[in-house]
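In: quick one: sequence plus predicted model below, questions after.
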Amino acid sequence: MFGLTGGIGSGKTTELLAIQRALASVEDIRCVLVDVPARHRIDKSGPGVLLAIAAIEAAAQLNAVSSAETRSYELNTAIQNIQKLASGYWEHAEMHDEDDDAPYATVWVEGLLAAPSPSGPVQELVAALPHVLTALPTRFVLLLDGLDRLVDTSAFARLISEDVPAIVALGMGVVVVGPQHLRFRNERIVQDRFTSVHLHGASSLGTEEGLEFLVGVLRARIAPGVLPDDSCRALAQWSGGVLRDLIALARAAGEDAYSCLLYTSPSPRD
């Protein structure tokens, strides 16, 4: 179980993609990367959301390698329960109005991914998911991206404190991208839930090696005749060591330099 933190734009998603590629080469591991905000409104996140995503993804992987006709009744029931509890379902509810000709009405029961419910559905997911994981031919690893966009660190802490231990206890591997500012908040204790936590995306500017690495990134893209080494080092310092900021600053500097050159160059008539 790993945590990956860093500022927005520091390259955490790129790192997750690298992890996914590396794990893809291991025969007995099936790895899936999920952008959490694309699947669920993170401003409504609560206990059970990550577990629901893990269950949905595990069921989808099983559906990709087997059909309902070849699976046991218990396994198909577990998959159906996962879909219902995660995404919601219609249920017939008894009406107590004696004057009503229709004693039953159809009501929508919210799923965990729409509006997180109390611990009951979470417990049912925990009971259903092992059937799917056992049936999968490989170990399941989940890479969860996008949670660094959670402004409310307490919401992130609730997700981690309840969902991640449940996911790991079921035998799944999990890598979570989290907000960098969590390290400075009261909820930073949730980092202890992970086997290790890595701060990603910033090269050390306190060492010559880190500075030369950033200069090398620019030099691979821009010739010395266009951007001298001194300018590269200055841009590296101003970037704070964040690669995306480094590239953005270099591009802006090049555009400004080109504009100045146009305005200061003598016209052909001169």
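Out: Structure received.

In: when you work out contacts or count neighbours from here on, use the C-alpha atoms and nothing else.
Out: Fine.

In: so how far is stretch 4-13 off the chain centroid?
Out: Here the centre of stretch 4-13 is set off from its chain's centre by 10 Å, with Cα atoms, centre = their mean, to the nearest Å.

In: now it - C-alpha only, CSV.
Out: What follows is stretch 4-13, C-alpha atoms only, in CSV (Å, rounded to 0.1, in the frame of the first residue of the first chain):
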residue,chain,number,x,y,z
LEU,A,4,2.1,9.4,-3.6
THR,A,5,1.8,13.1,-2.8
GLY,A,6,2.9,16.3,-4.5
GLY,A,7,1.7,19.6,-5.9
ILE,A,8,-0.8,19.6,-8.8
GLY,A,9,1.1,19.4,-12.1
SER,A,10,4.2,17.8,-10.5
GLY,A,11,3.9,14.6,-12.5
LYS,A,12,2.1,12.2,-10.1
THR,A,13,-0.2,10.9,-12.9
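
In: so for that stretch, what's the average pLDDT?
Out: Averaging pLDDT along stretch 4-13 gives 76.

In: got the buried residues for that stretch?
Out: L4, T5, G6, G7, I8, S10, G11, K12, T13 (16 or more other Cα atoms under 10 Å).

In: mind checking which of the residues you listed land in helices?
Out: K12, T13 (DSSP state H).

In: so in this protein, where's the weakest helix or strand by average pLDDT?
Out: Ranking every helix and strand in the chain by mean pLDDT, DSSP states H and E puts strand 104-109 at the bottom, with a mean of 68.

In: buried ones in the helix or strand following that strand?
Out: Toward the C-terminus, strand 104-109 is succeeded by helix 119-135 as the next helix or strand (DSSP states H and E). Residues of helix 119-135 classed as buried: P121, V122, L125, V126, A128, L129, P130, H131, V132, L133 (neighbour count, 16+ other Cα under 10 Å).

In: can you check stretch 71-86 too?
Out: Result for stretch 71-86 [16+ other Cα under 10 Å]: buried residues L75, N76, A78, I79, N81, I82, Q83, K84, L85, A86.
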